[in-house]
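> Whatever this is, show me its structure:
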Amino acid sequence: MTEVVRTFERLDDETIVARVVQACDPILDANKEDANHAANRSPSGDLWHVARIPIVVAEKWLNEHGVDVLNPDHRAAVRRLLNSNEYRWLRTGGGRI
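Predicted structure coming up:
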């Protein structure tokens with residue numbers, strides 16, 4: 001897991017900006033490695049590891065799309081986002097989820 005850094009900056013008396021920074025390269029590199037070597041299946045073969053989602057992306061989805069990756073009721077929306085070309089680099093295997 002990569003470190004997540006949160007900072008807050010007061011712009012004026014009424015405005016505070018929150019920033020979240022995370023080095024996503026290790027996560028994305030692991031996703032590419034799994035996708036290239038079909039290493040996304042459990043030893044028993046009955047489970048698939050389909051994606052790694054960095055925290056900054058999960059927060060972006062929550063803020064911009066209202067999609068909570070931890071909410072089971074949002075499973076279809078998470079699947080839709082993961083299957084989009086924009087977020088294909090989060091998947092650990094080829095094809096669609």
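> Helix, strand, or coil at the residue most central in space within the chain?
Per Cα atoms, centre = their mean, the C-alpha nearest to the average position across the chain is that of residue 53, at 1.9 Å. Assigned state for residue 53: coil (three-state reduction, DSSP: H, G, I helix; E, B strand; the rest coil).
> buried residues in the helix or strand bottoming out on mean pLDDT in the chain?
When each helix and strand of the chain is scored by mean pLDDT, DSSP states H and E, helix 25-37 comes last, with a mean of 89. Residues of helix 25-37 classed as buried by neighbour count (16 or more other Cβ atoms under 10 Å): 27, 31, 34-35. Glycine gets a C-beta too; all of them are placed from N, C-alpha and C.
> and which of these is nearest residue 14?
Closest approach between these and residue 14, by Cβ to Cβ: residue 27, at 35.5 Å.
> got the residue ranges for the helices in this protein?
In the chain, helices defined by DSSP state H lie at 25-37, 55-65, 75-83, listed in chain order.
> In TSV: those, plus distance to residue 17.
What follows is the helices of the chain, written out as TSV (distance: least, Cβ to Cβ, whole Å):
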stretch	distance to residue 17
helix 25-37	25
helix 55-65	13
helix 75-83	25
